[in-house]
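Chemist: need coordinates for the following:
(chains A and B)
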Amino acid sequence: MDTNQEKYHDQIDAYLRDELSAGDRALFEQSLQNDPELLIEFRIHQELFVQTDETTWINESFAPDKKDVKEVEAYFKSSDAQKLKDTIARVQANYQKGSNTSFLKNKLFIPILAAASIALFVVLYLVDSNSSTQDLYATYSQWQNLPSLTSRSDENQLAQGQRLFIQKQYDKSYIIFKNYLNTTNEIVPPVLIYAGLSALELKKYKDAISYFDQLIASDAIDQSKGYWYKALVYLKQNKKNEAIQVLEIILKEEQNYNFDEANVLLKKLQ
Amino acid sequence: MPDNQYFIQGILNSDERVITEIYTHSFPKVLKFVLQNKGQQVDAEDVFQKALMQISVRIKHRDLETIRSTFEAYLFTACKNLWRRELNKSKKTVTNDGVMELVSEESDMAYALLEQERWELFKEKLEKLSDNCKQIMMLFLKKVSYADMATQLSYSSETVVRQRVFKCKAKLIASVKSDNRFKNLIS
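Modeler: From the prediction side, this is the model:
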């Protein structure tokens, strides 16, 4: 790989990993238009990012070979394909008929079926809503980009707490952070975050909320992080409405922490 | 569960009985996925039908190599990809003020198929990396910061992580580019 490509990759990485400022993004997009070699490298990278991002799909990156397109298209138009398509359509129709009517023919079953389907609906609904908020919680609870406490040189115990937190020993990290906060009058936002998240992981939801509320009430620059984490506490408890309310607060100001993520999460919840 | 060959043969023969089995078994899962992702029943049916058609043409004309996972898992991934492709299309329609090139359904399906092949090529190459490279690439692609990657993977510094990312990525891209399929997928 030559140095030219090395330079390309740095720019492309920063762009696709959302590390550029708006101005630099625009500059990069401009150079994409003027530099075909850069564009090819960029598209390869785009395809790679699609592998881990389930929400995107690149339709227009590379134009596939025209001959291939024609060939495949011809098959889709063939009588063979039509036969398969018809078969699938028949199966589809039967499948629906089957799921709608088969039992209903027997009148005796109707009341039982009605009761059973209500019960089933309730169960499915609960299980379903349960698993989807839990899935969402799992996505957002990777605890990345947390502040580092090691820079606070005099406070060895905080660094220790952070290590324990990263090792998922939340019971231990919780004690350290809790004690620290109990013995200081100062508001230390990062410690509030760690204490709250440790409590959250230990399912001490009330405590978690109280730490995040303290953060929200503080005048720290990253005060708005409190809202985000509070939303996650509700999410973990399947308290959808409460989570939605908190997310809506985040969306009032674009400067708020995780504004975009809050937007996405809110849409998924609604 | 019968083996993959059984389903593939069933699709190739347009065998109603086998397709019914596939339907009963896999459609509910696809339906659930589509409903959870802004779609409706008709969308799920459409995607399901297209995925089966796609598999059939790939077996007949594109030497679809052996399906590495189970047939069921493969079909589900194909459906998922078709659906996110649809979603991204509608996103674009909105941003382009409704200006969309009109293409026939068959042509659109042809593009979808070739895009799926491209996606599989990249996936395959990513999976062929060493475990260490794969782990690094996954974090990198998920946009985890270099500092966090260093902590998670116990590297001494961000610089070391950056070097690893660069090496693994270069290897990955070189393997994609040297694959014959890649040359046909761009033109």
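Chemist: please make it C-alpha for all contacts and neighbour counts, starting now.
Modeler: OK.
Chemist: so how far is chain B from residue A:65?
Modeler: 6 Å (Cα to the nearest Cα, to the nearest Å).
Chemist: what is the neighbour count of that residue?
Modeler: Neighbourhood size, residue A:65 [other Cα atoms under 10 Å in any protein chain shown]: 14.
Chemist: that one contacts residue B:181, correct?
Modeler: No. With contact defined as Cα atoms under 8 Å, residue A:65 does not count as touching residue B:181 (10.6 Å).
Chemist: mind saving the C-alpha coords of the helix or strand of chain B with the lowest mean pLDDT as CSV?
Modeler: Ranked by mean pLDDT, DSSP states H and E, the helix or strand of chain B with the weakest confidence is helix B:180-185, at a mean of 78. Below are the C-alpha coordinates for helix B:180-185, written out as CSV (Å, rounded to 0.1, in the frame of the first residue of the first chain):
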residue,chain,number,x,y,z
ASN,B,180,-12.3,-12.2,-9.3
ARG,B,181,-15.9,-11.6,-8.2
PHE,B,182,-15.0,-8.0,-7.2
LYS,B,183,-13.8,-7.1,-10.7
ASN,B,184,-17.2,-8.1,-12.1
LEU,B,185,-19.1,-6.3,-9.4
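Chemist: starting at the chain centroid, how far to it?
Modeler: On the basis of Cα atoms, centre = their mean, to the nearest Å, helix B:180-185 sits 17 Å off its chain's mean C-alpha point.
Chemist: what comes into contact with it?
Modeler: Identification of contacts with helix B:180-185 by Cα atoms under 8 Å, 6 or more residues apart in numbering or on different chains yields A:62-65, B:114, B:118, B:121, B:176-177.
Chemist: 10 Å - rerun?
Modeler: Contacts with helix B:180-185, where a contact means Cα atoms under 10 Å, 6 or more residues apart in numbering or on different chains, come from A:62-68, B:114-115, B:117-118, B:121-122, B:175-177.
Chemist: take the residues you listed and keep only those in helices.
Modeler: If you go by DSSP state H, the contacts of helix B:180-185 have A:66-68, B:114-115, B:117-118, B:121-122, B:175-177 in helices.
Chemist: and which of the residues you listed is nearest residue B:157?
Modeler: Nearest to residue B:157, judged by Cα to Cα, of the ones in helices among the contacts of helix B:180-185 is residue B:175 at 27.6 Å.
Chemist: quick one, what contacts that closest one?
Modeler: So residue B:175 contacts B:122, B:125-126, B:128-129, B:169, B:182 (Cα under 10 Å, 6+ apart).
Chemist: adding secondary structure and neighbour count, write those residues out as TSV.
Modeler: Formatted as TSV, the contacts of residue B:175 follow (DSSP: H, G, I helix; E, B strand; the rest coil; neighbours: other Cα atoms under 10 Å in any protein chain shown):
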residue	secondary structure	neighbour count
B:122	helix	21
B:125	helix	17
B:126	helix	23
B:128	helix	13
B:129	coil	17
B:169	helix	22
B:182	helix	17
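Chemist: any idea which of those residues is least confident?
Modeler: Across the contacts of residue B:175, the smallest pLDDT goes to residue B:182, namely 84.
Chemist: gap between that one and residue A:65?
Modeler: 10 Å (Cα to Cα, to the nearest Å).
Chemist: next, count neighbours for residue 9.
Modeler: With no chain named, the answer covers chain A. Residue A:9, neighbours per other Cα under 10 Å, totals 19.
Chemist: ah, I was thinking of chain B
Modeler: Neighbours of residue B:9 under the rule other Cα under 10 Å: 14.
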